[in-house]
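[1] Predicted model and sequence follow; I will ask about them next.
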Amino acid sequence: MLDFSSSVRIKAGMADVLGSLERCGHLALFDSMRADMLAMSASTMDRLLRFDRKAMALKGRATTKPGTLLKSQIQVRRGTEW
């Protein structure tokens, strides 16, 4: 729903998101818990979301390097006739 938004953006939209989740029946909060969530600072959100964001991070990077074997077999048109 929030797609890994920064905690500053999450804090700005927290009231709208909580309201939507409660209206749709996806979330039921006590008034005290709702007040605590709305009063939470952005840095506290970062601390609480740290492990979830780390688990969802991309793992591994592509290590393919361009090679000359295939490059030499592909003809490229350079603006002149072949």
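    Great, that's in hand.
[2] quick one: the strands in the protein?
    With strands called from DSSP state E, the chain shows none.
[3] quick one: low-confidence ranges for it?
    The model of the chain has pLDDT under 70 over residues 1-2, 66, 81-82.
[4] ok, 50 please
    Counting by pLDDT under 50, the chain has no low-confidence residues at all.
[5] and the longest helix that it contains, what does it pack onto?
    Ranked by number of residues, the top helix in the chain under DSSP state H is helix 7-24. Judged by 3 or more C-beta pairs under 8 Å, 6 or more residues apart in numbering; DSSP states H and E, helix 7-24 is in contact with helix 31-39, helix 42-56. The C-beta positions use only the backbone N, C-alpha and C, and glycine is treated the same way.
[6] Residue 25 is nearest to which of these?
    helix 31-39 (15.4 Å; C-beta to C-beta).
[7] who touches that closest one?
    14, 15, 18, 29 (C-beta atoms under 8 Å, 6 or more residues apart in numbering).
[8] Among those, which one sits closest to residue 76?
    Among the contacts of helix 31-39, residue 14 lies closest to residue 76 (C-beta to C-beta), at 53.0 Å.
[9] how about that closest one, what does it touch?
    So residue 14 contacts 37, 38, 40 (C-beta under 8 Å, 6+ apart).
[10] Look up how far residue 35 lies from it.
    For residue 14, the distance to residue 35 equals 11 Å [C-beta to C-beta, to the nearest Å].
[11] just residue 47 next, same as before
    19 Å.
[12] Repeat that for residue 65.
    55 Å.
[13] what's the answer for residue 80, then?
    72 Å.
[14] of those two, who's got more company?
    Neighbours were counted for residue 80 and for residue 35 using other C-beta atoms under 10 Å; residue 35 has more, 11 against 5.
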